[in-house]
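Participant: Got a predicted structure here, sequence first:
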Amino acid sequence: MAKAKAFASGTIVNALATNYGSAFALDLVTNVKLRFENDLKENIVYEDGKKVKNQIVDRLLTAIKKKAIVEIESKIPRQSGLGSSSAFMNALILAIFKELNEELNAHTILTMNARISLEMGISYTGAFDDASASLLGGIVVTNNSKMKILKWDKKSAKALVLIPTWQRNDVLIDEIKKDVEFVKKAIKEALDGKYRDAMLHNSLHYCSALKYPLEPLNVALNYDVAAGLSGNGSCYVAFGNVNGLYKAWKEFGEVVKTRIVNESAEKLTIPDYLFAK
């Protein structure tokens, strides 16, 4: 049986507006165990102990003409802007490659993740930024349409995830793609390592377009942290000197203490051609 894991991702810049994104790895993990079984009529999938149907498992295993028993356990809240789909896909691909004794090539894994995500309508951009942070650890800035990493940075920091009391809103693509100056500015700031400014400008744009409150950000401005809306919501994330913010954010919902992860999810081959020249 092959075992693999991948990390959650927090957003610095959401790629939906411009196809350029930036994300960081959070120490919230999805684990996948997988064993090929030749005599199965269909794949057997358990998610947190419950038997489920999973289209992604079926899609990936059909492509290699295999059947398997798959066990998934995840600490990443789903549909919350924390890259749960990217993390699951990374862990699943890693487990399949391990069971096949294939090289764990980061470029192969990440481009496969993004292409399947686009093909299956899981993500609008392929979420190459989320997938890269989830697999490699640290902070990445990516060109999602070219599936290249523009910057890979390491930063040791405590982090928080705010899971607010309000619901996730619909993703309004037309609104997101209107007047993207703040997002362009945010990408430049992320490339310059100005993560606090990048997350603020990104959030000003996306909170407005997706109708999320700015109060968690306004509160965070009083602390020595970088903070913002994660993905398409509804979660917010922060990193830095987060102790004071932990108490302040509790008025908005559940707050999870974690950290930025700087190590890769597994021992990988990381080729030069993964990075933009």
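Facilitator: Sure, I can see it. Residues are numbered from 1 along each chain as shown.
Participant: Pull the contacting residues for Phe182.
Facilitator: Contact analysis of Phe182 by C-beta atoms under 8 Å, 6 or more residues apart in numbering lists 201-202, 204-205. (Glycine included, C-beta is placed from N, CA and C.)
Participant: what's the distance between it and Cys207?
Facilitator: Counting by C-beta to C-beta, to the nearest Å, the gap from Phe182 to Cys207 is 11 Å.
Participant: got it, and Asp58?
Facilitator: When distance is defined by C-beta to C-beta, Asp58 is 36 Å away from Cys207.
Participant: Would you mind telling me which of the two has the busier surroundings?
Facilitator: Remark: of Asp58 and Cys207, Cys207 carries more neighbours, 19 against 14, as counted by other C-beta atoms under 10 Å.
Participant: I'd guessed that one sits against Leu214; true?
Facilitator: Yes - the pair Cys207 and Leu214 passes the contact test of C-beta atoms under 8 Å, sitting 5.3 Å apart.
Participant: what residue ranges in this protein score low on pLDDT?
Facilitator: For the chain, no stretch is flagged by pLDDT under 70.
Participant: Got phi/psi on the residue nearest in space to the middle of it?
Facilitator: Centroid check for the chain by C-alpha atoms, centre = their mean gives Gly83 as the closest residue, at 2.9 Å. Dihedral angles of Gly83 (phi, psi; degrees, to the nearest 10) stand at phi 70, psi 30.
Participant: measure it to Val140 for me?
Facilitator: Gly83 sits 12 Å away from Val140 when distances are taken as C-beta to C-beta.
Participant: Overlap in contacts, these two.
Facilitator: Overlap of the contact sets of Gly83 and Val140 (by C-beta under 8 Å, 6+ apart) consists of 23, 133.
Participant: what are the pairing partners of the strand or helix carrying Lys257, and which direction each?
Facilitator: For Lys257, the host element (DSSP states H and E) is strand 253-259. Strand 253-259 has the following strand partners under DSSP bridges: strand 158-164 (antiparallel).
Participant: Show me where this structure has its helices.
Facilitator: Under the criterion DSSP state H, the chain carries helices at the ranges 55-63, 84-99, 106-119, 128-136, 173-176, 181-191, 195-210, 215-220, 243-249.
Participant: Using TSV, lay out these together with distance to Glu263.
Facilitator: As requested, the helices of the chain are arranged in TSV below (distance: least, C-beta to C-beta, whole Å):
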stretch	distance to Glu263
helix 55-63	25
helix 84-99	14
helix 106-119	13
helix 128-136	9
helix 173-176	33
helix 181-191	21
helix 195-210	19
helix 215-220	27
helix 243-249	24
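Participant: related to what we said a few turns ago, which residues are in contact with the residue nearest to the centre of the chain?
Facilitator: 8-9, 23, 76, 127, 130-131, 133-134, 231.
Participant: Likewise for Asp48?
Facilitator: Taking C-beta under 8 Å, 6+ apart as the contact definition, Asp48 lies against 72-74.
Participant: can you pull the contacts of the closest residue to Leu210 other than its chain neighbours?
Facilitator: For Leu210, ignoring the flanking residues on the chain, the nearest one in space by C-beta to C-beta, 6 or more residues apart in numbering is Asn169 at 5.3 Å. If you count contacts by C-beta under 8 Å, 6+ apart, Asn169 has them with 210-212, 233-234.
Participant: how about a cut-off of 10 Å?
Facilitator: Listed by C-beta atoms under 10 Å, 6 or more residues apart in numbering, the contact partners of Asn169 are 209-212, 232-234.
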